[in-house]
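K.L.:
here are the coordinates; sequence isn't available:
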């Protein structure tokens, strides 16, 4: 799961999620030297701790598989289908639809063009599916 700063252990080790063990090990060694407080007194010790924690999670296959499972997106339960025409258009390119919690579902024009059709509420855990008009 991503850390407080929103970075995954792969981000910390500057590696892709499909990186091989050798690449992870090389990046860990390089970054642990660069962030070690004894080697670099001006570096924040928390940076070294973050690198070490990332390596511990990704250094062996079993712990890496367990960590990767936490990154898999959770299944989303759609609360309702909402017609695209029911969304209100704002002047800044957003489409909004009010949620029963008082929050809003917000969809941007570029997301719409990219095919996004499931939108989260900004105030609760509900999602809606945007129904588009049929193509003619």
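P.N.:
Sure thing, it's come through. These numbers were taken from a predicted model, which means no experiment stands behind them. Residues are numbered from 1 along each chain as shown.
K.L.:
every contact and neighbour count from this point should use C-alpha atoms.
P.N.:
OK.
K.L.:
from residue 55, how far off is residue 26?
P.N.:
With the distance defined as C-alpha to C-alpha, to the nearest Å, residue 26 ends up 11 Å from residue 55.
K.L.:
please apply the same query to residue 40.
P.N.:
Distance of residue 40 to residue 55, computed by C-alpha to C-alpha: 19 Å.
K.L.:
so which of those two has more stuff around it?
P.N.:
For residue 40 and residue 55, the more surrounded residue by other C-alpha atoms under 10 Å is residue 55, and the numbers stand at 22 against 12.
K.L.:
doesn't the more buried one lie inside a helix?
P.N.:
Yes - assigned with DSSP: H, G, I helix; E, B strand; the rest coil, residue 55 falls within a helix.
K.L.:
need the contact list for it.
P.N.:
9, 13, 24-25, 28 (C-alpha atoms under 8 Å, 6 or more residues apart in numbering).
K.L.:
residue 28 now?
P.N.:
By C-alpha under 8 Å, 6+ apart, the neighbours of residue 28 are 13, 51-52, 55.
K.L.:
in JSON lines: these, plus pLDDT.
P.N.:
Rendered in JSON lines, the data for the contacts of residue 28 read as follows (pLDDT from 0 to 100):
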{"residue": "13", "pLDDT": "95"}
{"residue": "51", "pLDDT": "95"}
{"residue": "52", "pLDDT": "96"}
{"residue": "55", "pLDDT": "96"}
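K.L.:
please name the bridge partners of residue 129.
P.N.:
Assessed by DSSP bridges, residue 129 has beta-bridge partners residue 81, residue 118.
K.L.:
distance of it relative to residue 118?
P.N.:
Residue 129 sits 4 Å away from residue 118 when distances are taken as C-alpha to C-alpha.
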